[in-house]
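# just need the structure, nothing else, for what follows:
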Amino acid sequence: MKRNSHGLTTKDRIIKATLDIISQEGFQNVTIRKIAAMAGVNVAAVNYHFGSKDAVINEALNMVTLLLEEAFRCLRADEPGPEERLECFVRQYSKVILEYPDIIRNFISQSLHKNSVKIEYQEYLKNEGLVLISTTIAQIRPSESRTVHYMRTLQLLSALSFPILMGERIREITGLELDTPELSSRYIELLLQNIMGSRE
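Residues are numbered from 1 along each chain as shown. Reported below is the predicted structural model:
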């Protein structure tokens, strides 16, 4: 497959362009022509590799799912300790959802409104992700019940997702700009303190 000077294949450039358009303009503004222009290819190349706009978007969504799943690798490691692993996960996960908020909103919307649709990320959470987070929290708070560990897991994911769901409204309602590095980092620190308890 043909590669450009940056080492990306034509297919990868198309996926990256699609993600960029979704991030900058939202799903509703994705067109084959825009994808082709941003990727530096012709429309025929997009159709050759994917066949349709929906197929390109689905591939882009799968790419974001893989990035989110990558954050869970922090929780699989044996070292360092569980507090550091959980912090690594939260910071990497936050980075992805802040980079692709429109896609995260789409994932959540599909989960809420299209229960019959198989969503890769939802399947991953169900089969592996929630257990990884809960098990890590159990290592940090061994005296609590399994039920409480799962509640803390849901609180963690909810606290990370809510600002993404609200988008610009967070700033309008609270005056907080959680997408700035300083406030985002502080938000994560407070969240981790609430989930893990005070660090000794």
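# what does the longest helix anywhere in the chain rub up against?
The helix of greatest length in the chain, counted in residues with DSSP state H as the criterion, is given as helix 146-166. Taking contacts as CB atoms under 8 Å, 6 or more residues apart in numbering, the residues outside helix 146-166 that touch it are 90, 93-94, 97-98, 101, 104-105, 108, 130, 133-135, 137-138, 141, 144, 170, 173, 178, 187, 191, 194-195. The C-beta positions use only the backbone N, C-alpha and C, and glycine is treated the same way.
# could you list the buried residues of the helix or strand immediately after it in the chain?
Under the assignment DSSP states H and E, the closest C-terminal helix or strand after helix 146-166 is helix 168-174. Residues of helix 168-174 classed as buried by neighbour count (16 or more other CB atoms under 10 Å): residue 170.
# give me the distance between helix 168-174 and the centre of its chain.
A distance of 21 Å separates the centroid of the chain from that of helix 168-174, by CA atoms, centre = their mean, to the nearest Å.
# now that helix: mean pLDDT?
Within the predicted structure, the mean pLDDT of helix 168-174 is 86.
# do the same with stretch 184-200
Mean per-residue pLDDT for stretch 184-200: 84.
# buried sites along that stretch?
When neighbours are counted by 16+ other CB under 10 Å, the buried residues of stretch 184-200 are found to be 184, 187-188, 191-192, 195-196.
# again with stretch 153-171
If you call a residue buried by 16+ other CB under 10 Å, then stretch 153-171 has these buried ones: 153, 156-157, 159-161, 163-164, 166, 170.
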